[in-house]
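Asks: Quick one, what's the 3D model for this:
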Amino acid sequence: MSATSISDTYDALLSATFPYRMKQLWDQITVGLLLFKWMDAGKNKRTGYHGHRLEFPVLYELNDTVGRRGAYDTFELQAQEGITIGYVSWKDLSGDVVIADEEMDKCSGKEQVFSLEDAKVMQLKEALMSMLNSDMFSTGAASNQINGLQYWFTTSTGTVAGIDDAVNTWWGNQSSTSAGSFASNGRDKMRTMYNNCARGFNEDTPTHVLTTQAVYEAFEKTMDSAERLTVAASGPSSVNVGPKKITFKDMEIGWDAACPSGYMYFLNMKNKMLQWNILAGNDFKSTPFVRPANQRTRAALWTIKGNVTCTARRRFGVITGFTA
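Replies: Here you go, the predicted structure:
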């Protein structure tokens with residue numbers, strides 16, 4: 001008798017029920033979401049906002065009644081301007097999870113390797129975070145797309161958050177274009193941008209640098225001549241080569257696959273100047289699984305509603321046109 005053979009196509013259901021399989025779903029798609037991690041952590045994320053849009057006050061001019069006066073000199077009592085409002089709209093990112101009754105029936109009991117429902121929810125959350133990270137670099141031009149780094153930090157003048165920086169020059173970010181070879185110009189460009197973004201010598205300086213993998217590796221290569229080898233404590237049989245974490249003037253430097261080619265951003269993550277804002281109750285908000293009237297399925301919706309704000313653009317910078 002000839003041997004029996006079988007040919008299977010491993011869809012979501014079969015992947016979750018095949019016997020003797022590791023009980024873990026291994027993600028092969030999602031890449032490192034560095035910008036999302038920086039923005040979604042700690043003081044750079046704020047939830048609980050309300051209102052029809054995101055507004056933030058901006059100081060652009062000092063009180064001009066200050067002066068040197070003698071004992072009987074008079075004061076000029078006058079109304080002061082110098083404060084305005086920037087604003088952006090709430091943006092929506094959402095998706096759904098659908099599970100058929102047949103899938104749930106087959107993926108149950110002792111045949112279940114891992115929860116198909118949990119796997120589908122994880123799949124959706126990873127997709128939401130991946131798109132959110134990508135959109136955080138965007139111009140915000142697509143429908144319902146958040147206003148990302150290319151919206152806030154530009155290489156030309158325009159209206160950002162309702163304020164025209166061609167007229168209001170105090171509102172514009174720092175920028176440098178056509179940077180060229182990093183090996184020839186990179187360190188010099190970075191030094192100048194660091195100082196341009198600072199409020200003064202070592203005052204209110206950028207805290208993070210974000211770029212592409214190619215530019216990051218070009219920066220790392222500039223340190224080769226000064227590289228030190230670390231011999232393991234166990235003896236010279238093991239040598240550690242290359243830094244795992246790099247800083248420049250105490251700024252953490254990282255790369256993100258979603259960063260535009262040849263770009264390098266200088267970000268200030270202090271004092272909520274760059275912030276990820278969530279509309280109250282919409283931070284990965286999910287609905288209960290409900291059953292449509294005409295299908296043997298259950299579905300749930302997931303939503304993120306928020307936007308990025310920057311309250312001091314002149315403390316941020318962007319360099320474009322870097323090559324290795």
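Asks: mind listing the helices for the stretch 151-300 of the chain?
Replies: With helices called from DSSP state H, counting those that start in this stretch, the stretch 151-300 of the chain shows them at 182-197, 213-221.
Asks: In TSV, list those along with mean pLDDT and distance to N277.
Replies: In short, each C-beta sits where N, CA and C put it, glycine included. Listed next are these as TSV, based on pLDDT from 0 to 100; distance: least, CB to CB, whole Å:
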stretch	mean pLDDT	distance to N277
helix 182-197	95	22
helix 213-221	95	28
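Asks: any chance of those in CSV, plus distance to T74?
Replies: Below are those laid out as CSV (distance: least, CB to CB, whole Å):
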stretch, distance to T74
helix 182-197, 41
helix 213-221, 58
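Asks: my guess is D101 contacts A299, does it?
Replies: No: if you go by CB atoms under 8 Å, D101 and A299 don't touch, sitting 11.9 Å apart.
Asks: These two: which is more packed in?
Replies: A299 (15 against 12; other CB atoms under 10 Å).
Asks: who does that one bridge with?
Replies: Applying DSSP bridges to A299 gives these bridge partners: V98, V290.
Asks: confidence score at it?
Replies: Per-residue confidence (pLDDT) for A299: 88.
Asks: any weak-confidence spans in the stretch 201-324 of the chain?
Replies: 225-240 (pLDDT under 70).
Asks: Who are the contact partners of the residue nearest the centre of the chain?
Replies: In the chain, the centroid-proximal residue (CA atoms, centre = their mean) is L35; its distance is 2.9 Å. Applying CB atoms under 8 Å, 6 or more residues apart in numbering, we find L35 in contact with N133, M136, F137, L149, L210, D256, A258, C259.
Asks: hmm, try it at 6 Å
Replies: N133, M136, D256 (CB atoms under 6 Å, 6 or more residues apart in numbering).
Asks: just A41 next, same as before
Replies: For A41, counting by CB under 6 Å, 6+ apart, there are no contacting residues.
Asks: Against N173, how distant is it?
Replies: In this view, A41 and N173 are 23 Å apart by CB to CB, to the nearest Å.
Asks: What is the burial count for Y72?
Replies: Residues within reach of Y72, counting by other CB under 10 Å, total 5.
Asks: Check it and give its pLDDT.
Replies: On pLDDT, Y72 comes in at 79.
Asks: sorry, back to before: is it possible to export the helices of the stretch 151-300 of the chain to a markdown table including mean neighbour count and distance to K305?
Replies: Formatted as a markdown table, the helices of the stretch 151-300 of the chain follow (neighbours: other CB atoms under 10 Å; distance: least, CB to CB, whole Å):
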| stretch | mean neighbour count | distance to K305 |
| --- | --- | --- |
| helix 182-197 | 17 | 31 |
| helix 213-221 | 17 | 31 |
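Asks: Quick one: closest of these to L93.
Replies: helix 213-221 (25.1 Å; CB to CB).
Asks: quick one, the closest one and helix 182-197 angle?
Replies: Helix 213-221 runs at 90 degrees relative to helix 182-197, counting by axes from the mean of the first three to the mean of the last three CA atoms, to 10 degrees.
Asks: At which residues are the strands of the stretch 151-300 of the chain located?
Replies: 159-160, 163-164, 174-176, 180-181, 208-211, 230-231, 239-240, 246-248, 251-255, 264-267, 274-279, 285-286, 297-310 (DSSP state E, counting those that start in this stretch).
Asks: out of these, deepest packed?
Replies: Neighbour counts (mean count of other CB atoms under 10 Å) averaged over each of the strands of the stretch 151-300 of the chain peak at strand 264-267, with a mean of 27.
Asks: For that strand, what is the distance to the chain centroid?
Replies: Its chain's average C-alpha position is 12 Å from that of strand 264-267, according to CA atoms, centre = their mean, to the nearest Å.
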